[in-house]
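Novice: no sequence on this one, just coordinates:
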């Protein structure tokens, strides 16, 4: 069974991105090419995707902490409070983008080496020499350029992957697969660490 975080990714978060796509389609008439200037709409798509990925990761991290902070795993309340404080204090997902390094840092607070685990479990996840971590880094470069109106950063991101609806759909699909994988490896780790399944 998936985590609540993944269920929300598949429903509420997905619905939000679907609504933006519908707006895009309404403006363009669903026509290929650029019958109208939709640059700002395209930018909004990537801002939303970056935000939803970050929200999902933060929700899953919270849910993982809750799975550990139970009387069956940590019997003393003081130790439970100390673990929760350590796991959330200085959490990168609360302060910056959901880049590969930031996500990896926060998962070490659960006692997990995330990226080596993902690589071991999903060796074929790299597509065209680009891994999930590479996609996350690109998305956040694009997000920062757009959010801070940094023309050079926007151009650099666009030069690597065009900031278009087609790219958005491709990145969304790949990062949806990342979300599923993150849910699975985290769930497996917590099951091994705590002796019980974290998502019911």
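Specialist: Yes, it's here. As the structure is a computational prediction, the values presented were derived from the model and not from experiment.

Novice: mind listing the helices in this structure by residue range?
Specialist: Secondary structure of the chain, counting by DSSP state H: helices at 4-8, 14-28, 39-68, 77-88, 100-108, 114-121, 132-147, 151-160, 165-194.

Novice: output these as TSV; include the columns distance to residue 94.
Specialist: Just so you know, the C-beta spots here come from the backbone N, C-alpha and C atoms, and that holds for glycine as well. Below are the helices of the chain laid out as TSV (distance: least, CB to CB, whole Å):
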stretch	distance to residue 94
helix 4-8	15
helix 14-28	21
helix 39-68	7
helix 77-88	8
helix 100-108	9
helix 114-121	17
helix 132-147	15
helix 151-160	23
helix 165-194	18
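
Novice: mind putting these into TSV with mean pLDDT and mean neighbour count?
Specialist: Compiled in TSV, the helices of the chain are given as follows (pLDDT from 0 to 100; neighbours: other CB atoms under 10 Å):
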stretch	mean pLDDT	mean neighbour count
helix 4-8	98	19
helix 14-28	91	14
helix 39-68	96	20
helix 77-88	95	13
helix 100-108	96	19
helix 114-121	93	15
helix 132-147	95	20
helix 151-160	95	14
helix 165-194	96	18
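
Novice: contacting residues for residue 94?
Specialist: Contacts of residue 94 were listed using CB atoms under 8 Å, 6 or more residues apart in numbering, and they are 58, 88.

Novice: for residue 57, what are its contacts?
Specialist: Contacts of residue 57 by CB under 8 Å, 6+ apart are 93, 98, 103, 106, 182.

Novice: next one: phi and psi at the residue located most distally from the centre of the chain?
Specialist: Within the chain, residue 76 marks the point farthest from the mean C-alpha position, 32.7 Å out by CA atoms, centre = their mean. Backbone torsions for residue 76, taken as degrees, to the nearest 10, come to phi -100, psi 130.

Novice: got the confidence number for it?
Specialist: For residue 76, the pLDDT comes out at 94.

Novice: how close does it sit to residue 110?
Specialist: 19 Å (CB to CB, to the nearest Å).

Novice: so what's the residue nearest the centre of the chain closest to, chain neighbours aside?
Specialist: Central residue of the chain (CA atoms, centre = their mean): residue 53, 2.9 Å from the mean position. Once flanking residues are discounted, residue 53 sits nearest to residue 98: 5.1 Å by CB to CB, 6 or more residues apart in numbering.

Novice: so that neighbour makes contact with residue 52?
Specialist: No - using CB atoms under 8 Å as the test, residue 98 is too far from residue 52 to be in contact (9.5 Å).
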